[in-house]
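> Next input, structure requested:
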Amino acid sequence: MSVIVVSGTGTEIGKTIVTASLAAVAVGQGRSVAVLKPAQTGLAPHERGDADEVVRLSGAETSAELARFPEPLAPATAARRAGMAPVGPREVAEAAEKLAASHDLVLVEGAGGLLVRFDEEGGTLADSARLLGAPVLVVAPAGLGTLNTTALTAEALRARGIAQLGVVVGSWPAVPDLAARCNLEDLPEAAGAPLLGAVPEGAGALDPARFRAAAVEWLAPALGGSWDAQRFASAHRP
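Next up, the predicted model:
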């Protein structure tokens, strides 16, 4: 796979850190990695964006943003309120294809969930993935409510004929509650796709060297890591 689209079941659930983990594992394998953030919202021009954070943690070669909007809103809304041109799915796909021509792996990190609107025509990250023919990795929270949002995201992907790689828990709690532990067994069923990793909460606070060394332990072999879903679920069985 030369392009992977990273989406989530919502916002603030660990997409950036999962993207950084994917990048770190790939860099550790000697691959050149580019990170594309189509629309960065809620940051001033001088602040470090999600793609830059992925590069800092992972050592990826390239970061790119197509647009930045100051208010922390859906990209279409943020663009409209700022009086700025939005980013459309075709623009995202073209940017990813250009990066893929000079990198072994391109990671496209969405904003919020799969169907958050990019523009006034209703374009979404799902449309970009479909144009690219790229698979989507879904990032989900650990606890109560995640089964429904994961199932809805998977249903939206299937309806559009987009391949789902699997699900990664974006922030696995140090002390998981009953719902989180049960969800390790139930998430693959809800998604109709395998559970491919669990990134521990607070991982983004690690220094880059420790982050890069540990990332391989958080992701399954399908993503280049050594994480074992069955062993992890057994260790946390309720």
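
> Any idea what the residue nearest to Thr146 when sequence neighbours are not counted is bridged to?
Nearest residue to Thr146, sequence neighbours excluded (Cβ to Cβ, 6 or more residues apart in numbering): Ala140, at 4.9 Å. Glycine gets a C-beta too; all of them are placed from N, C-alpha and C. Going by DSSP bridges, Ala140 is paired in beta bridges with Val169.

> I'd like to know how many residues surround Gly145.
Gly145: 13 surrounding residues under other Cβ atoms under 10 Å.

> Ok, Arg160 next?
For Arg160, using other Cβ under 10 Å, the count is 15.

> hmm, back to that, touching, the residue nearest to Thr146 and Gly170? I think so.
Yes - with contact defined as Cβ atoms under 8 Å, Ala140 reaches Gly170; the gap is 6.7 Å.

> so what sits against both of these two?
Gly8, Ile13 (Cβ atoms under 8 Å, 6 or more residues apart in numbering).

> In space, what's closest to Pro45 - neighbours in sequence excluded?
Per Cβ to Cβ, 6+ apart, closest to Pro45 is Arg68, 6.6 Å.

> likewise Leu219?
In space, and not counting its chain neighbours, Leu219 is closest to Gly225: 3.2 Å by Cβ to Cβ, 6+ apart.

> so is the one you found in a helix, a strand, or just coil?
Secondary structure, DSSP: H, G, I helix; E, B strand; the rest coil: Gly225 is coil.

> Val6 too?
strand.

> Quick check: it touching Thr19?
Yes - if you go by Cβ under 8 Å, Val6 and Thr19 touch, sitting 4.9 Å apart.

> Look at Ala205 and say how many residues are nearby.
Ala205 has 9 neighbours, counted by other Cβ under 10 Å.

> separation between it and Pro176?
Look at Ala205 and Pro176: by Cβ to Cβ, to the nearest Å, they are 19 Å apart.

> Over to Ala129?
With Cβ to Cβ as the criterion, Ala129 and Pro176 are 30 Å apart.

> more neighbours, those two?
Neighbour count, other Cβ under 10 Å: between Ala129 and Pro176, Ala129 has more, with 28 against 19.

> Show the contacting residues for the nearest residue to Arg212 once chain neighbours are set aside.
Nearest residue to Arg212 in three dimensions, chain neighbours excluded: Ala24, at 4.5 Å (Cβ to Cβ, 6+ apart). Taking Cβ under 8 Å, 6+ apart as the criterion, Ala24 is in contact with Leu57, Ser58, Gly59, Ala60, Phe211, Arg212, Ala215, Val216.
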